[in-house]
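Novice: quick one: sequence plus predicted model below, questions after.
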Amino acid sequence: MDITTVLTTLLRDGFILVFNQDKLDIVKTAEALWAAGIGNMEVTCRISKPTEKLARLRQELPAFVAGSASLIDWPGMLKVYNKAHADDPLPTLQQVVDAGACYLVSAVNFSDAGYKKFAGKIALMPGCGSATEVVTQFGKGANLCKVFPAKELGGPAFIEAIDPALHKTISLVPTGGTNATNIPDYINAGVLVVGGSFSMIEKATMQKIIAEQDYKLLAKELTAAKQLIDAARAKKYPGFDFARASLEEISRKTGRNFNVG
């Protein structure tokens, strides 16, 4: 899947689900997302056997934009972790790409070697905690920059504070503590894509979804999140149809550059 298609999907969706739940079926979760009007999710490497699950998802739903997350693109750290977790090691960037990852996400920066190998070929979303990190990672080839942990960094106020210093050019993806209360504030601050996990869903409802494997209920909850994002974007960009827009049209309308071409 080419990088333009992947980025266009993320931007049309406006939401990236962080799949970090071993008790849910990965394919059925993707189908619930599709039912909610969302065509992507990131598969974290904090679940068991992430590359196997990612490969299965890509094989069974090849049109679904599946990314890989919680990646550590630093050999020294990877070696230390994998020595202690030899039964279920963290994969490398190349291993998740081989498994079919359409985009790569990390809670921390990607290495220069990672950019040299994958920039311009696979959509890259490094984790950043400062304006300097955002600019540095974008300059090396990042397409979007994950702001993590968004809540602890200051939430929407943090985005509003650093965005002018970035000349409102780089698209930031807040992840961590996003919910129905603050998502409209993030969108109003200029965010085009919000990252969120199952913790966005009310705890009792999520327990029911897991216990009963109720993917229709999951789709209902995800639809509510999608509708919230769509409503906030319609208010921010009246008359603009993200669902039909091309990457170039989104860039022109929002002033954001996605490091493609």
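Specialist: That came through fine.
Novice: Met41 belongs to a strand?
Specialist: Yes - applying DSSP: H, G, I helix; E, B strand; the rest coil, one finds Met41 inside a strand.
Novice: neighbours around it, how many?
Specialist: A count of neighbours around Met41, defined by other Cβ atoms under 10 Å, yields 24. No exception for glycine: its C-beta is placed from N, CA and C like everyone else's.
Novice: list the residues that contact it.
Specialist: Ile16, Leu17, Val18, Phe19, Thr29, Ala30, Leu33, Ala66, Gly67 (Cβ atoms under 8 Å, 6 or more residues apart in numbering).
Novice: what's the closest of those residues to Ala107?
Specialist: Val18 (10.6 Å; Cβ to Cβ).
Novice: about what we covered before: who wins for most neighbours among the contacts of Met41?
Specialist: Going by other Cβ under 10 Å, Ala66 tops those with 28 neighbours.
Novice: secondary structure element for that residue?
Specialist: In this assignment (DSSP states H and E), Ala66 forms part of strand 65-69.
Novice: any buried residues in the helix or strand just after that strand, and which?
Specialist: Sequence-wise, the next helix or strand downstream of strand 65-69 (DSSP H and E) is helix 75-84. Buried positions in helix 75-84, judged by neighbour count with 16 or more other Cβ atoms under 10 Å: Leu78.
Novice: who's in contact with helix 75-84?
Specialist: Ile72, Pro89, Leu90, Thr92.
Novice: ok, those residues vs Val194, which is closest?
Specialist: Ile72 (23.6 Å).
Novice: so Leu90 sits against Asp73, correct?
Specialist: No - using Cβ atoms under 8 Å, Leu90 is not in contact with Asp73, being 10.3 Å away.
Novice: the more surrounded of these two?
Specialist: Taking other Cβ under 10 Å, Leu90 and Asp73 do not tie; Asp73 has more neighbours (22 against 18).
Novice: give me the pLDDT value at that one.
Specialist: Asp73 carries a pLDDT score of 97 in this model.
Novice: for it, list the residues it contacts.
Specialist: Thr92, Leu93, Ser106, Asn109, Phe110, Ser111, Ala113, Gly114.
Novice: out of these, which sit inside helices?
Specialist: Leu93, Ala113, Gly114 (DSSP state H).
Novice: and the second one, how far is that from Asp241?
Specialist: Looking back up the chat, that one is Ala113. 39 Å (Cβ to Cβ, to the nearest Å).
Novice: ok, Thr5 - contacts?
Specialist: Counting by Cβ under 8 Å, 6+ apart, Thr5 has contacts Val65.
Novice: look up which helix or strand it falls in, please.
Specialist: helix 3-13.
Novice: buried residues in stretch 231-245?
Specialist: Ala232, Arg233, Lys236, Tyr237, Phe242, Ala245.
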